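[1] I would like the atomic coordinates for the input below:
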Amino acid sequence: MRSLNRALYTTMAVTFIFVLSSLLLCRPTIGVQFVCPQNSIRVALAVNLSFGEFSISQGEYELVDYVTQKVLSSGEASGTWIVVPKGSQNIQISNNGTQVEGLLSSQLILRQKNITQQNLFLYKNKPYRGDLLIENINGTIHMINVLDIEQYLYGVVGLEIGIGAPSEAYKAQAVVSRTYALYYKQHPQLNYDLGISQNWQVYGGYDAERQGGEELRKAVDATKGLAIYYDNNLIQAFFHSNSGGYTESGENVWYASLPYLRPVATPQDSHALLYTQSGEWPAITYQWEKSFTKQELSNRIQQWNTDNSEERINVGTIMDVTTSYQAINPVTRDYLPQQTLSGRVTQLDFIGTNGIKSFFRDHIRSVLGLRSTLFRVCYDSMVQIWDAYNTVDTYNQTNDIMGITVDGLVSKLNGKNDKYYVICADGVKTLPKTFSTVTFIGRGYGHGLGMSQWGARGMAANGIDYRAIIEHFYNQDYYDGRLVVKSCI
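    Numbers count the residues shown, from 1 in each chain. Got it, this is the predicted structure:
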């Protein structure tokens, strides 16, 4: 479909020839909306730059003013190209220190001349397939890789699900990542479709493709053009590293309730424990612990307050951290009596001497740097007490707990001391009245919506094919025909 590129660019040249003939007499030409070819994707390598730098690694390219279609340079131009914004609407470009004249718009494209051969350009010393679109957006440079979506997936799949994954897991990731990319292409919010970080899906260009090797390319090619549809609509194919054994509903993680983002048990997530370990990875994607001393927790909150002025935690000295696991009604947004099916936390409260600050759903992870919201909280001060009604209550602090002494007097536990003694099955233990250490004991890595990548790897290792993996995570194994994997071409 690369021939379509050339046709579109040529059409643009004809369309703008009359407009340019009149505008060039009075002022420089501003850019127009870049038209992305049907089977291509726009991936922002970097945005809001004061300058950009690139070079040609392999093959032949031509440098073209996108609006006028004027070829500024053609062939195997060597050395380094540098682009800088010129005001808010134009670009200045130089090659090996020599300025290139003739660019009149805010859009410049480094375009392949011969798409039948392999062409690679370098940005930050990393090779990329396809074309490079350079734009001046409000006085800053945007570097955008425009390439065929299948070639894009070569640089995504291995980085996302892991090099060396079973073939069916590769295929599942290819279909999911293609669907994810196509959804954002259909619903553009910026002058590009996707970025390259975990905020989107990780893209590493040609280096990532080489790491994956022929097995990865075969998996992508075997699923060419396939995407996931629910009730004939392209889905938002969210995915994550490890669900910790159970995925979650959209309303309990972010906000929207979507019929294909529902909880499903995935015991195959424990495959991460069987995999050859490197340090603690990948076992920590399945189960993990994170502890804070009271001072470390205070430091973490101070850093949060510095970085998040609109969501500051101003509650004084932290006395307690409590959690709620209540599920959320997808229609009314009210809490339901029952807990989330996966056991994920939906509300975390910091209780201090000056008040309470609450965080909700997936936002909880960012506050304390937790791997997931599937966790429980333990304190070194935690104690369970049978009350007069023979019920068991759990307390994280016991400053105000009253007890009856051997003399029959009502008194605070161990008086004014900051510790007290508890007789346990294995002897007498000393406990602090307020916590000095809090530990989050959790499972999973990521938001918990859609496909669990380690779950997919475990399922593939057990002989389950990619279509069944997708049906499991996005339709909870219903096989009711509402979820379909079909060609998007």
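[2] hey, where'd the strands end up in the stretch 1-150 of the chain?
    Assigned strands in the stretch 1-150 of the chain, in chain order: 40-49, 52-58, 61-65, 71-75, 81-86, 90-95, 98-100, 107-112, 120-123, 126-128, 131-137, 140-148 (criterion: DSSP state E, counting those that start in this stretch).
[3] between these, which gets the lowest average pLDDT?
    Looking over those, mean pLDDT reaches its minimum on strand 71-75, with a mean of 84.
[4] flag every buried residue along that one.
    When burial is assessed from 16 or more other Cβ atoms under 10 Å, strand 71-75 yields the following buried residues: residue 72. No exception for glycine: its C-beta is placed from N, CA and C like everyone else's.
[5] CA atoms only for it, dumped as PDB, please.
    Output for strand 71-75, consisting of C-alpha atoms alone and laid out as PDB, is shown next (Å, rounded to 0.1, in the frame of the first residue of the first chain):
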ATOM      1  CA  VAL A  71      11.600  18.000  -3.400                       C
ATOM      2  CA  LEU A  72      14.300  19.700  -1.300                       C
ATOM      3  CA  SER A  73      16.800  16.800  -1.400                       C
ATOM      4  CA  SER A  74      16.800  13.500  -3.100                       C
ATOM      5  CA  GLY A  75      19.000  10.400  -3.100                       C
END
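[6] and residue 332, which of the strands of the stretch 1-150 of the chain is closest to it?
    Distances from residue 332 to each of the strands of the stretch 1-150 of the chain were compared by Cβ to Cβ, and the smallest falls on strand 40-49, at 37.8 Å.
[7] so what does that closest one touch, helix or strand wise?
    Strand 40-49 is packed against strand 131-137, strand 140-148, helix 149-154, helix 167-186, with contacts defined by 3 or more Cβ pairs under 8 Å, 6 or more residues apart in numbering; DSSP states H and E.
[8] can you list contacts of that strand?
    By Cβ atoms under 8 Å, 6 or more residues apart in numbering, the residues outside strand 40-49 that reach it are 1, 5, 34, 36, 52, 123-124, 128, 130, 133, 137, 140-149, 152, 181, 185, 190-196, 203.
[9] now with 6 Å, please.
    The set of residues that contact strand 40-49 without belonging to it, under Cβ atoms under 6 Å, 6 or more residues apart in numbering, is 36, 123, 140-146, 148-149, 152, 181, 185, 192-195, 203.
[10] related to what we said a few turns ago, please convert the strands of the stretch 1-150 of the chain to TSV, extending it with distance to residue 299.
    What follows is the strands of the stretch 1-150 of the chain, written out as TSV (distance: least, Cβ to Cβ, whole Å):
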stretch	distance to residue 299
strand 40-49	31
strand 52-58	38
strand 61-65	50
strand 71-75	53
strand 81-86	40
strand 90-95	45
strand 98-100	51
strand 107-112	46
strand 120-123	38
strand 126-128	36
strand 131-137	38
strand 140-148	35
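[11] those strands: which one's closest to residue 263?
    strand 40-49 (30.7 Å).
[12] skipping adjacent residues, who's closest to residue 221 in space?
    Spatial nearest neighbour of residue 221, chain neighbours left out: residue 150 (7.3 Å); criterion: Cβ to Cβ, 6 or more residues apart in numbering.
[13] give me the pLDDT value at the one you found.
    Residue-level pLDDT assigned to residue 150 equals 98.
[14] could I get the phi/psi values of residue 453?
    Taking degrees, to the nearest 10, you get phi -70, psi -40 for the backbone angles of residue 453.
[15] residues in contact with it?
    Contacts of residue 453 by Cβ under 6 Å, 6+ apart are 161, 241.
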